[in-house]
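[1] Whatever this is, show me its structure:
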Amino acid sequence: MKRLTIVRNVILLFVLLLHGVTIMFAQQKEEIKEKEVDLKEVILVKKKKAIEQKPDRTIFDFESQAHLNSGSVLEGLKKLPGLIVSDVAGMMYQGKQLDVFLDGRPLNISSNDLNAFLEGMPANSIEKVEVITQPGAEFPATSGGAIINIVTSRKAKSYLSATYSSGANFTNYNKFRTRFNNSLLLSSKNKYFGWQLNIGQNYRESALWSTITNRTNNENIILSDTEADRIGRSTFAKSAMTIDFKMDRLLLNYDVNYNNNDSYVLGSGLGFQTNDFSKNKNIRQDAVATYQKRFDAIDKKLDFKFNFIRNENDFNLDSRLMNTNVLGNSSLQDYFNFKADYSEEIKLLDEGKISIGTLYDNLLFETKQAGITNLNYTRRTAATYLELQSSYKNFDFILGGRAEDYAIKGKTDTNDLTPFNQFRFFPNVSVQYNFAPQIYFNLNYNKKIRLPSTSSLNPNNTNYQNPNINYSGNPQLQPTIFDNYEVKISAFDYAFIGYSISRAKNQVINRVLENGNVVSNTSINVPELKIHNINIGLPIPYMLFTKGLKETMKFDFNPDKINFLYAYAGYQMHQIPNLNTKGFWIINLMSQIVLPKDVKFITNYNYSTTGGNYYYFVAEESFSHSLDITFSKKFLNDKLSVSLNFDDILNTNKQGFGSSGTDLLLQSKSDTRRFGFTLNYKIPTKNKLAKEDPNLLNKNKKEDSDTILN
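    Predicted coordinates:
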C-alpha cells in the first residue's frame, strides 16, 4: 500500500509539472505566431534537439553535446539517462536488453568484444544515437527487446567539404596514462554521384583493477587480485558512394575497423601468482549495396539491399614468468543478408501506409583453440512482414506481423549442438492518442526473439584467466522469446513518464559460480524472467526558482540558450522464479549553465542505488556513480567547437557485485577519473549556400520517418 501511495504521488507531481511545461511551450508557440505576422522575411533554420522523443524511439544528439562526445563511444553511452552499461551484465535501456546496430546494420557482436569495439571508436565521430524501444514488424524479430543504432555518418554537401576531429584525455590514477584520437571526414556531391570518406585512429592507455573475494564463514579469502595495464589501438575507414539513375539510386558502402589491444596483467590469489601478457587482434569488414527504386508517386518506395560482414578475432595469453603460451584462441564469423522492402501510402481511415518486405540471412561462425576447430555453428533465417499504419482524428495506429523461419545447427569437437528449427509469428501493435502536437499518450506491445550471440556461444576463453578464474561460452544456449509491453506519456521531447514490462522465456544471462575456490563465468538460459521498469524525465528551468512560474512561461524555452536541470529517474525490478529479488533506482542529473561569451558549463551526475538485483547479481556498491564536468564553446562562426572535460572527478565510478547462491564478491575499478579536450573543425569552403543533402553513409529508404535500416 505504501509503494502504491509513493507511485501515485510521483505520478501526480509529474502531471503537475508536465502541465506547467505544456503551458510554457504552448505560450511560446503563440508568441512565435504573433512575431511571424510582423516579419517581412522569414529564414527557417532547423536545429538539432539534444533529446528527441518519438513513439518508438529516443534520439540522442552526440555531435553537438560536448559532455557526450569526449572520450570513447562507450564512455559517451554510459552518460545517457536510462542506459546501463555493465561489465558483468551487458547493455540495457530502461529495462530492455539492447541489440547494437552501427549505421543501421547489426554488429552481431556482444559482451567483451562489443565493449572493446565501442572503446576503440572516438565519441566525436558519432552524429547521433537512436534507442528504438518499440521496434515494429519491419525490424528483425531477432532484435529482442530494443535496438540501439549508433550513427557515425554526417551530411554530404554539393561541394568538397571536410571536418577534422581530435581529442586527448589523460588520467593520473596510480600512473600517468594518455588517450588521443584523430579523424577526418571528406565528402562531395554533384549532379550524378556523391562520395564520402571518414578515416581515423584511436590510441588509449587504461588500467583495470579486479578482485574476487570468497566471504565464506565471515572470512574474506581473496581468490583473485589482478592489476591490468592496457593499451588499445584502433583504426577505421568508412566509405560511401551514391550513383543516381534518374529517380533511382545505387548506394555502395564499405567499412573496415581494426583493433590491436595489449594487456599486461599482474595477478595473485589463493595458491598462485602470475605475470601475463595478452594480445587481442580484431578486424571487422562491412560491405553493403542498396538499390532504391522510386516511382512517379513519391509515397511509393522499393529497396533492395545486400550486406556482407566478416569479423575475425585472435586472442593470445602468454605467461611471462614461465615464458609459455597459455591460450591461443581465434574465431571467424561471416554474415550474409539480403532484404527487400516496399511501402506506399493508402487510404485507411483518415490516412494510412502499408509496408511489406522479406529477408534472408545466413551466419557462419567457427572457433579454434590452439589451431583445432572446436565449434562450427550455422544459422539461417528467412522472414517476411506486413505492417499497416493509420490515423483517425487524434489517434495513430500501427498493426504489424512478422513471420520468421529459423534453421540453427552446429557441432563442437565433442558433440552436436541442440538444433533449433522453428517457424514463428511475431505480432506488434501500437495505439497513440495525441493531446496536442508533441504531446501524446502511447500504448505498445510486441513479441520478439533474441538468438544467442556468437560471443556467448564461443566455448573458448577470450578474457584474462588464472588458476582460480575460468571464462567460457555455452554452445548449447537456446533463443529467448520476449513479450514487451509499454505505456508512455511524452511532451516536447524532454518530459515523459513511462512504465514497461518485459517477459522473457529462456533468457540468456551471465552466471558466476564457484566450485572448490575456482570461479566459473559463463552464460545460461533462465526459463522465465520478468523485468519491470518505471522511468521519468523532466526538464526544470532554473529561472523557475528565481522568477517564478508566471515569468518562466513567458520565456522562449530554447534548451541551447537557457540554464536548466534535466532530471531522470528510473526504477528496475528483475523477477526471477525461486529467487528473492529487489529493485534498484538509476538517477541522472544533467545541468546546463550558459556563462558569458556563450560558454556552456555542463555537469552530469549519475548514481544507482545498492541492494538491488541485476539478474543474478546483487549490487553491493553503486555500479554507476560519477560526477562529470564539461566546458564548451564555439569559435569562428561555429566552425570550430572546443570542449574541456573533467570526468569522474570524485573517482567514485566502480563496481561491486555479489553473485546469488554464492559467497563471492566481484569488484572492479578502472581509471575513470580523467581530464582532456575535444575539438571539431569544419574546414571553410567557398560556396556557403550549397545545398546540404541527406547523409551518404546511412541513406534511408524512409528518410522522412528516420527508419534506420537501409
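[2] Now do the strands in the stretch 451-600 of the chain.
    Using DSSP state E, counting those that start in this stretch, the strands of the stretch 451-600 of the chain run over 469-471, 480-491, 495-515, 518-541, 564-575, 584-595, 599-608.
[3] Without its sequence neighbours, what residue ends up closest to Gly352?
    The shortest distance from Gly352 to any residue other than its chain neighbours is 3.7 Å, reached at Ser390 (C-beta to C-beta, 6 or more residues apart in numbering). Backbone N, C-alpha and C define where each C-beta goes, glycine included.
[4] Show me what the helix or strand containing that neighbour is packed up against.
    Per DSSP states H and E, Ser390 falls inside strand 372-392. Other elements packing on strand 372-392 under the criterion 3 or more C-beta pairs under 8 Å, 6 or more residues apart in numbering; DSSP states H and E are strand 351-369, strand 395-412, helix 454-457.
[5] rerun that using 10 Å as the cut-off
    In this structure, strand 372-392 makes packing contacts with strand 324-346, strand 351-369, strand 395-412, strand 420-436, helix 454-457, judged by 3 or more C-beta pairs under 10 Å, 6 or more residues apart in numbering; DSSP states H and E.
[6] Minimum distance to Pro122: which of these has it?
    In terms of C-beta to C-beta, the element of these nearest to Pro122 is helix 454-457, at 23.2 Å.
[7] Identify each buried residue in that closest one, please.
    If you call a residue buried by 16 or more other C-beta atoms under 10 Å, then helix 454-457 has these buried ones: 454-457.
[8] got those residues as a markdown table, with pLDDT columns?
    Shown next, in a markdown table, are the buried residues of helix 454-457 (pLDDT from 0 to 100):
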| residue | pLDDT |
| --- | --- |
| Thr454 | 82 |
| Ser455 | 80 |
| Ser456 | 82 |
| Leu457 | 86 |
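[9] Between these, which sits nearest Asn645?
    Closest approach to Asn645 among the buried residues of helix 454-457 (C-beta to C-beta): Ser455, at 30.6 Å.
[10] The closest one and Phe315 touch, don't they?
    No: the criterion here is C-beta atoms under 10 Å, and Ser455 misses it with Phe315 at 11.9 Å.
[11] Kindly reformat the helices and strands packed on strand 372-392 as TSV containing distance to Gln478.
    As requested, these are arranged in TSV below (distance: least, C-beta to C-beta, whole Å):
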stretch	distance to Gln478
strand 324-346	20
strand 351-369	16
strand 395-412	9
strand 420-436	7
helix 454-457	11
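[12] winner for burial among these?
    Highest mean neighbour count of those: helix 454-457, a mean of 22 (counted as mean count of other C-beta atoms under 10 Å).
[13] what packs against that helix?
    Under the contact criterion of 3+ C-beta pairs under 10 Å, 6+ apart, helix 454-457 touches helix 111-119, strand 301-319, strand 324-346, strand 351-369, strand 372-392, strand 495-515, strand 518-541.
[14] and that helix, how far out from the chain's middle?
    On the basis of C-alpha atoms, centre = their mean, to the nearest Å, helix 454-457 sits 19 Å off its chain's mean C-alpha point.
[15] okay but Arg424 is in contact with Ile481, surely?
    Yes: applying C-beta under 10 Å, one finds Arg424 in contact with Ile481, separated by 8.1 Å.
[16] quick one: the helices in the stretch 1-150 of the chain?
    Under the criterion DSSP state H, counting those that start in this stretch, helices of the stretch 1-150 of the chain are mapped to 2-38, 73-77, 111-119.
[17] Now Phe657. Nearest residue, chain neighbours left out?
    Phe617 is the one closest to Phe657 (C-beta to C-beta, 6+ apart), at 4.2 Å.
[18] Turn the helices and strands packed on helix 454-457 into a markdown table, including distance to Thr58 and mean pLDDT.
    Conversion of those to a markdown table gives the following (distance: least, C-beta to C-beta, whole Å; pLDDT from 0 to 100):
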| stretch | distance to Thr58 | mean pLDDT |
| --- | --- | --- |
| helix 111-119 | 19 | 77 |
| strand 301-319 | 25 | 95 |
| strand 324-346 | 23 | 94 |
| strand 351-369 | 22 | 95 |
| strand 372-392 | 20 | 95 |
| strand 495-515 | 9 | 91 |
| strand 518-541 | 9 | 91 |
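[19] Let's have the ones you listed in CSV, adding distance to Asn169.
    Conversion of those to CSV gives the following (distance: least, C-beta to C-beta, whole Å):
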stretch, distance to Asn169
helix 111-119, 12
strand 301-319, 26
strand 324-346, 31
strand 351-369, 35
strand 372-392, 38
strand 495-515, 29
strand 518-541, 28
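[20] looking at the ones you listed, which is closest to Ile602?
    Each of the helices and strands packed on helix 454-457 has some distance to Ile602 by C-beta to C-beta; the shortest is strand 518-541, at 13.9 Å.
[21] Partner strands of that closest one, with direction?
    Within its sheet, strand 518-541 is paired with strand 469-471 (parallel), strand 495-515 (antiparallel), strand 564-575 (antiparallel), according to DSSP bridges.
[22] In the protein, what helix or strand scores lowest on average pLDDT?
    When the helices and strands of the chain are scored by mean pLDDT, DSSP states H and E, helix 2-38 comes last with a mean of 44.
[23] returning to what we had before: out of the helices and strands packed on helix 454-457, which gets nearest to Thr603?
    Judged by C-beta to C-beta, the one of the helices and strands packed on helix 454-457 that comes nearest to Thr603 is strand 518-541, at 13.9 Å.
[24] on that earlier part again, name the residues contacting each of Arg424 and Ile481.
    In the contact map built from C-beta atoms under 10 Å, 6 or more residues apart in numbering, the residues linked to both Arg424 and Ile481 are 141, 447, 449.
[25] For the residue nearest to the spatial centre of the chain, list each beta-bridge partner.
    Central residue check for the chain by C-alpha atoms, centre = their mean: the C-alpha nearest the mean position is that of Ile148, 4.1 Å away. When assigned by DSSP bridges, Ile148 has beta-bridge partners Val100, Val131.
[26] Please state the offset of stretch 267-277 from the chain centre?
    Between the mean C-alpha point of stretch 267-277 and the mean C-alpha point of its chain there is a distance of 35 Å (C-alpha atoms, centre = their mean).
[27] And stretch 473-490, by the same measure?
    In terms of C-alpha atoms, centre = their mean, the gap separating the centre of stretch 473-490 from the centre of its chain is 16 Å.
[28] Distance of Gln389 relative to Tyr681?
    The spacing between Gln389 and Tyr681, counted by C-beta to C-beta, to the nearest Å, is 42 Å.
[29] now do Arg379
    Plainly put, Arg379 is 44 Å away from Tyr681 if you go by C-beta to C-beta.
[30] quick one: which of the two has more around it?
    Comparing Arg379 with Tyr681 by neighbour count (other C-beta atoms under 10 Å), the higher total belongs to Arg379, at 22 against 16.
[31] Report the spatially nearest residue to the more buried one, omitting neighbours in sequence.
    Arg379's closest residue in space is Leu363 (C-beta to C-beta, 6+ apart), at 4.4 Å.
[32] ok, Cys281 - contacts?
    Small correction: residue 281 is Lys, not Cys. Lys281 sits next to 233, 258-262, 312-316, 330 when contact means C-beta under 10 Å, 6+ apart.
[33] Who wins on neighbours among those residues?
    The most neighbours, when the contacts of Lys281 are compared by other C-beta under 10 Å, belong to Asn313, which has 24 neighbours.
[34] State whether that residue and Asn260 are indeed in contact, as I suppose.
    No: counting by C-beta under 10 Å, no contact exists between Asn313 and Asn260, whose distance comes to 11.6 Å.
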